[in-house]
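**Q** Below are the sequence and a predicted model; questions follow.
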Amino acid sequence: MRIGLIGLPNSGKTTIFNALTKQEASVTSYGNAKAEPNVAVVEVVDDRIWHLSEMYKPKKTIYATIEFIDFAGVTEGSAKEGLFSGPAMGLIKMADALAVVVRNFADESGFPPTPIDDMGAVFGELLISDLIIAENRLERIAHAYKRGKKTTALQMEEKILLKIIDHVSENGAIIELDLNKEEEKVVRGFQFFTQKPLMIILNSDEHSFGKNDNLWGEIEKMHRVMEFAGKFEMELSSLDDPEEEDFFMADMGIEESARDRLTRLAYGLLGYISFFTVGSDEVRAWNIHEGGTSLEAAGVIHSDLARGFIRAECFTYDDLVAYGSEKEVRGKGRIRLEGKNYLVEDGNILNIRFNV
């Protein structure tokens, strides 16, 4: 799972990045949008993996991961100049979701924070960028027509792009469009910015944190939102003593770390669930979209497992904990064989039977 952090300059994106990843990336302002992004991969804390590891004593324990990417500040007009370029362009295209960081703290400028306006400014630049991508592609299609290449595929693509341009021109996000499977397949390769799920991180100071119910409610009408005390939580993440960290979190009324809170929001936004594979060699967590099949889960593990899929041996984490061992789960008849269309549930433990 990849989450791209974007926002206006000085919104605190890198501060949030450091709080999430325990990194020490410089929080000085980016000079321009071509600056190289900060990137870090962190483990998704899941007590179930720890418990499974205690039971199986594997050689390796592998948690699911989230990759956080801290992009340069989005400035007015940056979409026309290329919102992201170079290494940033490749990374933003691979992002599964975008987290827009908006300032809710006073800074040296002396101007009060305007979170709603800042959201609108960033979203406007994303829309312009998508519009430019679609229009540029239409120009290339028109050029192909002039050379006598008016194929059915190009005509379909043209029709979809015109539909997208009409929608985006009315300030609509592409993710809101009702596209059929064929249209989604055509559009997927463009990796439009407003086609990606979007969440808001309200970056508040210590004094206002937890006291923004009205603002939260207003933002929540438009997007999923989470509040961080960015600077405080960045300092918190640098502590080496867990007890000291817990003390300061409790003092601020923070029940979970920034990473755990954003992980839960991201899983909900993207519709991800976790399943596990277990054994003496390895205990591992995997992500799959809710509603994914056992065949798709096999493909997440390895393409060979999907290609040669026979059956999925399946039981649940809850049953394993309740009965104390895999042997007991089997003895109670709680392990079952499922076909390729079985819908995987959160907490399932799978053993894929396959033949290649």
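**A** Received it, and whenever you're ready, just let me know what you need.
**Q** okay, CA-based contacts and neighbour counts for the rest of this
**A** OK.
**Q** pretty sure Gly299 is touching Ala306, no?
**A** Yes. Between Gly299 and Ala306 there is a contact under C-alpha atoms under 8 Å: 4.7 Å.
**Q** So between these two, which is more surrounded?
**A** The neighbour comparison of Gly299 against Ala306 (other C-alpha atoms under 10 Å) goes to Ala306, with 22 against 15.
**Q** Quick check: which element contains that one?
**A** In this assignment (DSSP states H and E), Ala306 forms part of helix 303-307.
**Q** same for whichever helix or strand comes after that helix, what does it pack against?
**A** Using DSSP H and E, the helix or strand that directly follows helix 303-307 along the chain is strand 309-316. When contacts are defined as 3 or more C-alpha pairs under 8 Å, 6 or more residues apart in numbering; DSSP states H and E, strand 309-316 sits against helix 294-301, strand 336-338, strand 348-354.
**Q** and the second one, what does it pack onto?
**A** Just to be clear, that refers to strand 336-338. Strand 336-338 packs on strand 309-316, going by 3+ C-alpha pairs under 8 Å, 6+ apart.
**Q** What helix or strand is the closest residue to Phe193 other than its chain neighbours located in?
**A** In space, Phe193 comes closest to Leu126 once its chain neighbours are excluded; the distance is 5.9 Å by C-alpha to C-alpha, 6 or more residues apart in numbering. Per DSSP H and E, Leu126 falls inside helix 115-146.
**Q** Convert the helix holding Ala306 to PDB, retaining C-alpha atoms only.
**A** This file holds the C-alpha atoms of helix 303-307, laid out as PDB (Å, rounded to 0.1, in the frame of the first residue of the first chain):
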ATOM      1  CA  SER A 303       1.600 -15.500  -9.600                       C
ATOM      2  CA  ASP A 304       2.400 -19.200  -9.800                       C
ATOM      3  CA  LEU A 305       0.000 -20.000  -7.000                       C
ATOM      4  CA  ALA A 306      -2.800 -18.300  -8.900                       C
ATOM      5  CA  ARG A 307      -1.800 -19.900 -12.200                       C
END
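**Q** next one: it to chain centre, how far?
**A** Relative to its chain's centre, helix 303-307 lies at 25 Å (C-alpha atoms, centre = their mean, to the nearest Å).
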